[in-house]
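A.B. asks: take a look and give me a structure for this.
(2 chains)
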Number of protein chains: 2
Amino acid sequence: MNEPQRARRPGGRSARVAADVHQAVTDLINERGYGNFTVGDVAVRAGVADSSIYRRWGNLATLLTDVALTRLNAQSPMPDTGSLAGDLRTYAAQVAREITGPDGLALLRLAVALSSHGNQGQQAGDDLLVERTRQLQSMLDRSLERGEPAPDALGVLDHILAPMYVRVLLGVDPLTPEYVEALVDRLLRSLHERLP
Amino acid sequence: MNEPQRARRPGGRSARVAADVHQAVTDLINERGYGNFTVGDVAVRAGVADSSIYRRWGNLATLLTDVALTRLNAQSPMPDTGSLAGDLRTYAAQVAREITGPDGLALLRLAVALSSHGNQGQQAGDDLLVERTRQLQSMLDRSLERGEPAPDALGVLDHILAPMYVRVLLGVDPLTPEYVEALVDRLLRSLHERLP
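C.D. replies: Numbers count the residues shown, from 1 in each chain, chains lettered A, B, ... in the order given. Got it, this is the predicted structure:
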């Protein structure tokens, strides 16, 4: 309990290993792209044994999903500002910052790649999508509970997330704050105009 | 000139090689994903020499772009129906059919992957994007010349293509004709309402 080393590093060895492994995965995705590295490569980069990774995550797809979810939740918790407009603006700005940040493109490519690499990858990709959709839906449900009209999670995906994702993936134009706000405003207006 | 073999195969040997190589690339993308095969693998699959591929395409990124553009242009030529609404509906329905078809996901992943695999890939991805944007813009220009309000190519990317791309990439729900039409109608309506 009083070991200084431990006190300085909350979570201890296990948390350090997880952090090192996560960072190694992010680095490898950036450098080589998904599909071009193995659990062994991650182990070497993180300075841990392969067996530690298999014991903890089971396989590469599960590890990759864990990395993606941990980063998304740390960098983009769902906001709760008290209004749908505020929540959507904050959320959209967070996502824009995250996907244009240093690891953002790697994360997006991971999401794309997970849905395409066999059953394990697909399951992991689905888990990621289901978990983020659940979080987004709770934010939208709060709006409905306040009596505000709200889009469903797919509406947010189609009209706010998808344009940003595709612009970043294709390398088209930067995501300016004005652009991101315009996407949100367009969706908010469509709720009142009963557009689909 | 009178050789029967030749008469039955318009374009001759060169066109056959191109078709075989293109098919080999599409198969390999489907089976292994982009980044997991080489020019040598394509050559083996297509039954041609490596040198034939290098002589004709120069490198893998250029070959991949050629495959993508050829398929896009064959399967989705820009329509010219006489009205913006008709053009956009036809175009959107074509894209939906193409990206949900047997090679569609491979094509989308190729576009994503090209923008991420070093300078050669990025250049090839940019060429693809520039060429398709130019074609789309001519369709939209015809509308403006007729005096109809029209979105710009980025508006079509953001509000029609991006939602379809992302739904297919993430494996969310099928693209029903009703869904695709609703995306087009939403964009058309926004032109008259001066939404962004």
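A.B. asks: next helix or strand past the lowest-mean-pLDDT helix or strand in chain A?
C.D. replies: In chain A, no helix or strand scores lower on mean pLDDT, DSSP states H and E than helix A:4-8, which sits at a mean of 43. With elements assigned by DSSP states H and E, the helix or strand that comes after helix A:4-8 is helix A:12-32.
A.B. asks: quick check: buried residues in that following helix?
C.D. replies: Neighbour counts over helix A:12-32 (16 or more other Cβ atoms under 10 Å in any protein chain shown) mark A:Val17, A:Ala18, A:Val21, A:His22, A:Ala24, A:Val25, A:Thr26, A:Asp27, A:Leu28, A:Ile29 as buried. Any C-beta I mention is one placed from the backbone N, CA and C, and that applies to glycine too.
A.B. asks: from A:Gly40, how far off is the fifth one?
C.D. replies: Going back to what we said before, that points to A:Ala24. 11 Å (Cβ to Cβ, to the nearest Å).
A.B. asks: mind telling me what element A:Tyr179 is part of?
C.D. replies: Here A:Tyr179 is assigned to helix A:177-192, by DSSP H and E.
A.B. asks: residue closest to the middle of chain A?
C.D. replies: Taking Cα atoms, centre = their mean, the centroid of chain A lies closest to A:Leu72, which sits 3.3 Å from it.
A.B. asks: on contacts alone, who are the packing partners of the helix holding A:Tyr179?
C.D. replies: Here helix A:177-192 touches helix A:84-100, helix A:162-170, going by 3 or more Cβ pairs under 8 Å, 6 or more residues apart in numbering or on different chains; DSSP states H and E.
A.B. asks: and those: which comes nearest chain B?
C.D. replies: Among these, helix A:162-170 comes nearest to chain B, with 3.9 Å by Cβ to the nearest Cβ.
A.B. asks: other SSEs contacting that closest one?
C.D. replies: Partner elements for helix A:162-170 (3+ Cβ pairs under 8 Å, 6+ apart): helix A:84-100, helix A:104-114, helix A:177-192, helix B:104-114, helix B:162-170.
A.B. asks: low-confidence ranges, chain A, go.
C.D. replies: A:1-11, A:34-35, A:75, A:113-125, A:193-196 (pLDDT under 70).
A.B. asks: would you map out the domains in it?
C.D. replies: A:1-58, A:59-196 (automatic domain parsing).
A.B. asks: can you say which of the ones you listed is packed in most?
C.D. replies: Compared across the domains of chain A, domain A:59-196 shows the largest average neighbour count, a mean of 18 (mean count of other Cβ atoms under 10 Å in any protein chain shown).
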